[in-house]
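In: Got a predicted structure plus its sequence, pasted below:
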Amino acid sequence: MTSMVVIGLSVATIVLLLGALLATMRKGRPAAGSASPLPSGLASGGQAAIGSDYDDPRTIQVGDKIETHGTGAEVRGAVHVSCQGQQWTEYLLDDGSRRPVWLSVQVRHGLVSTDPPHLEVLLWTNVPTQGMVPAKSMLIMEGVEFHPIDRGTAAFRSEGETGRPDRGLLDFADYRAADGRLLSFKRVQGQGWTAGYAQPLPPGSITIVSRAA
């Protein structure tokens, strides 16, 4: 009888030890499907991002010569904008087409504090507004419905040739279509509204050919 009790206790001890060992192994192993946290810094986030082989658009200066999708252009001016803690730069490009082309560069932060920031680079082309003003609700431009996503007033500082004052306030109203197209209205306070469509640029689209002298 005593031998049976001893054997029973030994088996129970072995079971407990095995259970503890398995629990320790499970605790130290990541769950199936879990991913390692991304390193800090800029992430693509579906937008243009910086890689080791890409020129950093944030380093563009007035007077630089760049290429976008193989099209050469000179940076004639820059508008540095600030609004409620957000900052971005809009560059006026001269690509020889005699039409204004703007390139905007902005580091955007995620809606959640843990989301990594991403670099958003947009190429803007002007849209004839024919006296239109930005509505607070949906508007139709060239047969496409655009819905409001953001509006406000920002402070700006100009550098080089921009056609804008050295300093001032800029009203803006941004819209997005169901297919993802972006539309933005802007006006320097005291002037009329202008509008433009935005084309997101993928990584590596911009090459800085030469720096300003």
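Out: In hand now; what should we look at?
In: Check what pLDDT the residue lying closest to V62 once chain neighbours are set aside gets.
Out: Take V62 and drop its neighbours on the chain: the residue closest to it by Cβ to Cβ, 6 or more residues apart in numbering is G160, 3.8 Å away. Using the backbone N, CA and C atoms, a C-beta is placed for each residue, glycine as well. Looking at G160, its pLDDT stands at 96.
In: check contacts around G160.
Out: G160 makes contacts with V62, G63, V75, R76, G77, A78, L92, as judged by Cβ atoms under 8 Å, 6 or more residues apart in numbering.
In: check contacts around the fourth one.
Out: For R76, the contact set (Cβ under 8 Å, 6+ apart) comprises V62, L92, L93, D94, G160, E161, T162.
In: Show me just the buried residues among the residues you listed.
Out: Neighbour-count burial (16 or more other Cβ atoms under 10 Å) applied to the contacts of R76 gives V62, L92, L93, D94, T162.
In: in what helix or strand does the third one lie?
Out: Under DSSP states H and E, the secondary-structure element containing L93 is strand 86-94.
In: what packs against the following helix or strand past that strand?
Out: Per DSSP H and E, the first helix or strand lying C-terminal to strand 86-94 is strand 101-108. For strand 101-108, the elements it packs on are strand 86-94, strand 118-127, judged by 3 or more Cβ pairs under 8 Å, 6 or more residues apart in numbering; DSSP states H and E.
In: Neighbouring strands - and their directions - for strand 101-108?
Out: strand 86-94 (antiparallel), strand 118-127 (antiparallel) (DSSP bridges).
In: what's in contact with the first one?
Out: If I follow you right, that is strand 86-94. 58, 60, 62, 66, 68, 73-81, 100-107, 124, 160-163.
In: Output that strand in CSV with nothing but the alpha carbons.
Out: Extracted C-alpha coordinates of strand 86-94, given in CSV (Å, rounded to 0.1, in the frame of the first residue of the first chain):
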residue,chain,number,x,y,z
GLN,A,86,1.1,70.0,-39.0
GLN,A,87,3.8,71.3,-41.3
TRP,A,88,4.3,70.7,-45.0
THR,A,89,6.1,72.3,-48.0
GLU,A,90,4.7,73.0,-51.4
TYR,A,91,7.2,73.4,-54.3
LEU,A,92,6.5,75.3,-57.5
LEU,A,93,8.0,73.4,-60.4
ASP,A,94,8.8,74.7,-63.9
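In: how about the strands in the protein?
Out: 65-68, 71-83, 86-94, 101-108, 118-127, 139-141, 144-160, 167-177, 182-188, 194-200, 206-210 (DSSP state E).
In: Out of those, which is closest to Y54?
Out: strand 206-210 (7.8 Å; Cβ to Cβ).
In: quick one: average confidence on that closest one?
Out: 92.
In: List the buried residues in it.
Out: Those would be I206, I208, for strand 206-210 by 16+ other Cβ under 10 Å.
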